[in-house]
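Asker: Here is my input, please return the structure:
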Amino acid sequence: MNIERYESGGKEITFYLSQQEDRPLIVLNNFSGDAKTVVLELLRFHTEDFNLLSIGNLQWDHDMSPWYCEPIMKGDAPCTGGALAYLDLLVSRILPEALDKVQGTPAYTGIAGYSLAGLFALYAMYQTDVFDRVATMSGSLWFPGFKDYVFTHTMKRKPKKVYLSLGDKEARTRNPILSTVQTNTEEIAEHLQQQGMNVEWELNKGNHFQQPAVRSAKGIAALLEV
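Answerer: Here you go, the predicted structure:
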């Protein structure tokens, strides 16, 4: 892979570019920036060659949240619902610029994310038909109103693959909102399966903060298997 680093729309882009033509493109909104640890983990999975577009310098609680949400814990910031605006930037500017750098035309384009970025990835499927596979790792599917949103809306494009994962200790909390995460994720997975989608649901060991790079790599690898 060649690596290009640049800025687009105020976001920091790290683009891991395949030197082969027509390889898949995976978009990873990433809290930690350049996704180097994710790429290193992906090497263990022996995935097909692909292009990985990592986007950092996000206004995390704004860009990744679909609507306003009060702080769920003392000392937290609220989520301020900037996902649509960020998605417009992604689709209208960041992706076209990236496609100009890709060799040939991507065989397909997927979107992936961890935590709130996992929530955003799934939300994006209901707002644009750009992506045809999606992975949400330890996704914030506890987000108030999101499960009902999924149950009452239709994706703009039926994805070739949906990957959902969670840590088996993430729901073990006294916080009444966070404690819904596993039930919500399981019910969303079942709902999407009933709609005829190819859904892979995986429960990993640990809490929300355990091995995020490994979990992210597993999700991306799952998108590249089909």
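
Asker: got the contact list for the lowest-mean-pLDDT helix or strand in the chain?
Answerer: Taking mean pLDDT, DSSP states H and E as the measure, the helix or strand of the chain with the lowest value is helix 36-42, at a mean of 92. Outside helix 36-42, the residues that touch it by Cβ atoms under 8 Å, 6 or more residues apart in numbering are 1, 14, 16, 28, 30, 52, 54, 213-214, 216-217, 220-221. To be clear about C-beta, it is placed using only N, CA and C from the backbone, and glycine gets the same treatment.

Asker: out of the residues you listed, which is most surrounded?
Answerer: Counting neighbours by other Cβ atoms under 10 Å, residue 216 leads the contacts of helix 36-42 with 29 neighbours.

Asker: quick one: contacts for that residue?
Answerer: 28, 35, 38, 41, 112, 114, 137.

Asker: Can I get these in TSV including distance to residue 96?
Answerer: As requested, the contacts of residue 216 are arranged in TSV below (distance: Cβ to Cβ, whole Å):
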residue	distance to residue 96
28	18
35	21
38	24
41	29
112	20
114	25
137	26
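
Asker: any idea which of the residues you listed has the most stuff around it?
Answerer: Of all those, the highest neighbour tally under other Cβ under 10 Å goes to residue 137, namely 29 neighbours.

Asker: what pairs with it across the strands?
Answerer: Beta-bridge partners of residue 137, counted by DSSP bridges, are residue 114, residue 165.

Asker: That one and residue 118 touch, don't they?
Answerer: Yes - with contact defined as Cβ atoms under 8 Å, residue 137 counts as touching residue 118 (5.5 Å).

Asker: Residues that sit against both of those two, list them.
Answerer: residue 112.

Asker: so residue 14 sits in a strand?
Answerer: Yes - the assignment for residue 14 (DSSP: H, G, I helix; E, B strand; the rest coil) places it in a strand.

Asker: got the residue ranges for the helices in this structure?
Answerer: 36-42, 60-63, 83-89, 95-99, 116-124, 146-152, 181-194, 212-223 (DSSP state H).

Asker: Go through those helices and name the closest to residue 107.
Answerer: helix 212-223 (11.7 Å; Cβ to Cβ).

Asker: average model confidence for the closest one?
Answerer: Helix 212-223 shows a mean pLDDT of 96.

Asker: where does this protein dip in pLDDT?
Answerer: 46, 226 (pLDDT under 70).

Asker: one more time with 80
Answerer: Across the chain, the ranges flagged by pLDDT under 80 are 1, 32-33, 45-48, 226.

Asker: buried ones in the least confident helix or strand of the chain?
Answerer: For helix 36-42, a neighbour-count test (16 or more other Cβ atoms under 10 Å) marks 37, 38, 39, 41, 42 as buried.

Asker: got it, and stretch 70-87?
Answerer: Quick answer for stretch 70-87 (16+ other Cβ under 10 Å): 72, 79, 81, 82, 83, 86, 87.

Asker: Is it correct that the second one is in contact with residue 62?
Answerer: Okay, so that is residue 79. Yes - using Cβ under 8 Å, residue 79 is in contact with residue 62, at 7.3 Å.

Asker: how many neighbours does residue 63 have?
Answerer: 25.

Asker: Over to residue 94?
Answerer: 18.

Asker: 43 is where my numbering starts, stick with that
Answerer: Renumbered: residue one is now 43, and that last one reads residue 136.

Asker: how about it, what does it touch?
Answerer: 50, 51, 53, 55, 95, 97.

Asker: Only whichever of the residues you listed are buried, select them in ChimeraX.
Answerer: Isolation of the buried members of those (16+ other Cβ under 10 Å) is achieved in ChimeraX through the command below:
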select :50,53,55,95,97
